[in-house]
Structures are given as structure tokens and as C-alpha cells.
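> Take a look and give me a structure for this.
(2 chains)
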Amino acid sequence: GAVVSQHPSRVICKSGTSVKIECRSLDFQATTMFWYRQFPKQSLMLMATSNEGSKATYEQGVEKDKFLINHASLTLSTLTVTSAHPEDSSFYICSARDSPRVGQFFGPGTRLTVL
Amino acid sequence: AQSVTQLGSHVSVSEGALVLLRCNYSSSVPPYLFWYVQYPNQGLQLLLKYTTGATLVKGINGFEAEFKKSETSFHLTKPSAHMSDAAEYFCAVSATNQAGTALIFGKGTTLSVSS
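Numbers count the residues shown, from 1 in each chain, chains lettered A, B, ... in the order given. Just a heads-up that it's a prediction; the model follows:
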């Protein structure tokens, strides 16, 4: 149990376009989902906390207008990278909390490459 | 504020040797502690976690970790390394008194296993 999926697993886009990444909890309801970003050979950095039915909470330094997060249901959160630029190229990973179990379950990640 | 320090960005062992990955944490509240493993281009898989109770925690794939409050440590060990253990390992901490709190990750340790 506690499986989290992400779609797409890999995306390549042109600079200036927008990309949407989906994060789904497949066998549990997740009131809280998290979005992380990971640069090569580095650790995961929290971008935002997404709560179902409310606005996401962004970490300091993360542009909320650039990284749009929507958590419309208990099983789906989306991250949209708007007007993507090459510096947005990264590995984006989501996780979901399966309350009341402790801990988070991670999706397989999405590799974004902006040309 | 919470933080995690992983000593040694790269650890190399021979197959069959002891694996020891070090993790120290800082937390103003009783912590929840986690170890995750990441294989190339994949998400994170939970190895084990400490919440409350027994301080020696056993996880998957023969790994275990011991919570030592006096040393603020949560080192990961495995008695005998296997080639398939080669991966990136992350230690993480979260606050126990805040539901849905995100994880704070260490910088990661790359484990190499030679035959």
C-alpha cells in the first residue's frame, strides 16, 4: 500500500512553455502533499506544501506565480511550471502523507528538461 | 529549526563488509527520523523510520538504525553489504508536533560497493 505515482516521468519542452506534473496517491487519501526539487548530485529541497482544498504554502525563495500548485482532490496534486526556462530543468519529486501513519511516500519523480 | 547532517558524502565498502552511514540531527522538539534510499533517476524509497519506542529500528533489505538522543544521531548500518546496496541514501527529520510537516533532508551519502 501507500503508492504514489507521478506523470509524466520525463518531459522535454521549449523555453517559454508551461509544463504540468501530476502527483497521485493511488491507494490512500492524502490531505497533504509535498513538492520537492532535486538538482543533480544534491539533496531534495522542499518547494511547497499542498493541502487539499486550500492554497499551497511555498518555501522562501520559491516563486508561487511560477510554480503553480493545485490540490483539488484527496488523491491528486498538480505542479505547473509556467513559462519554463532552462534553469528550471530539474528532477521534481512529490510525496504524500498517509495520515495517521508517520512519514511520507514518494513518487518516482519527473525529470524536466527545458531547452 | 530542524536540520540534518550526513557525515561523508561518499562511502565505499567491499561486498560483504559492514555499512555505516552517519546522520546527526538537530531538533527543538522530539524528532521523527527517517532513512530513504534513491536509485538513479528514481524517487525515494523508505528504508526505516523512528517515531517513538524502541530506539533500534529495523528496516528493509537488512538495514537498521539506532536513535541515540544523547548523541543526536541516527546512524544507518548493515552487517554485510551487497552490490545492490549501491545507491544514494538520505537521512531526514520531521517535527512530531506538527501534522503534515515536511521532511528536512540531509545532503545525502553515495554508497559504492565493490566486489
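> Could you pull up the contacting residues of A:Ser77?
A:22-23, A:30, A:33, A:35, A:50, A:69-71, A:94, A:96 (Cβ atoms under 8 Å, 6 or more residues apart in numbering or on different chains). Every C-beta, even on glycine, is put in place using the N, C-alpha and C of the backbone.
> and if you look at B:His10?
B:109-110, B:112.
> Pull up the per-residue confidence for it.
Note for B:His10: predicted pLDDT of 96.
> Who is it paired with across the strands?
B:Thr110 (DSSP bridges).
> Check B:Lys78 too.
Counting by DSSP bridges, B:Lys78 forms beta bridges with B:Val19.
> How many neighbouring residues does it have?
Neighbourhood size, B:Lys78 [other Cβ atoms under 10 Å in any protein chain shown]: 21.
> That one and chain A: what is the separation?
20 Å (Cβ to the nearest Cβ, to the nearest Å).
> In contact with that residue, which residues?
Per Cβ under 8 Å, 6+ apart, neighbours of B:Lys78: B:18-19, B:61-64, B:85.
> Tell me which two of the residues you listed sit farthest apart.
B:Leu18 and B:Asn61 (14.7 Å; Cβ to Cβ).
> Just want the most central residue of chain A.
Residue closest to the mean C-alpha point of chain A, counted by Cα atoms, centre = their mean, is A:Trp35 at 3.7 Å.
> tell me which element the residue nearest to that residue when sequence neighbours are not counted falls in.
Spatial nearest neighbour of A:Trp35, chain neighbours left out: A:Met47 (4.6 Å); criterion: Cβ to Cβ, 6 or more residues apart in numbering or on different chains. Here A:Met47 sits within strand A:44-51, counting by DSSP states H and E.
> okay if I get the contacts of B:His10 as CSV plus neighbour count and pLDDT?
Listed next are the contacts of B:His10 as CSV, based on neighbours: other Cβ atoms under 10 Å in any protein chain shown; pLDDT from 0 to 100:
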residue, neighbour count, pLDDT
B:Thr109, 20, 96
B:Thr110, 16, 96
B:Ser112, 14, 97
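> Any chance of CSV for the residues you listed, columns distance to A:Ser54?
Listed next are those as CSV, based on distance: Cβ to Cβ, whole Å:
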residue, distance to A:Ser54
B:Thr109, 36
B:Thr110, 38
B:Ser112, 44
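> count of residues packed around B:Ala102?
Each residue near B:Ala102 was counted by other Cβ under 10 Å, and the total is 23.
> That should have said A:Gly107, apologies.
29.
> do the same with A:Ser73
Number of residues near A:Ser73 (other Cβ under 10 Å) recorded here: 13.
> Surely it and A:Ser50 touch.
No - taking contacts as Cβ atoms under 8 Å, A:Ser73 lies outside contact range of A:Ser50: 11.3 Å.
> name the element A:Gly61 belongs to?
Assigned by DSSP H and E, A:Gly61 falls within no helix or strand.
> Mind jotting down where the strands sit in the chain?
In the absence of a named chain, chain A is used. Secondary structure of chain A (DSSP state E): strands at A:4-7, A:10-13, A:19-25, A:32-38, A:44-51, A:57-58, A:67-73, A:76-81, A:90-97, A:104-106, A:110-114.
> actually chain B
Going by DSSP E, chain B shows strands at B:3-7, B:10-14, B:19-26, B:31-38, B:44-50, B:56-58, B:64-68, B:73-78, B:87-95, B:104-105, B:109-114.
> want to throw those into JSON lines with distance to A:Ala56?
Rendered in JSON lines, the data for these read as follows (distance: least, Cβ to Cβ, whole Å):
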{"stretch": "strand B:3-7", "distance to A:Ala56": "23"}
{"stretch": "strand B:10-14", "distance to A:Ala56": "35"}
{"stretch": "strand B:19-26", "distance to A:Ala56": "26"}
{"stretch": "strand B:31-38", "distance to A:Ala56": "22"}
{"stretch": "strand B:44-50", "distance to A:Ala56": "21"}
{"stretch": "strand B:56-58", "distance to A:Ala56": "32"}
{"stretch": "strand B:64-68", "distance to A:Ala56": "32"}
{"stretch": "strand B:73-78", "distance to A:Ala56": "29"}
{"stretch": "strand B:87-95", "distance to A:Ala56": "18"}
{"stretch": "strand B:104-105", "distance to A:Ala56": "18"}
{"stretch": "strand B:109-114", "distance to A:Ala56": "30"}
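> Alright, I will stop here.
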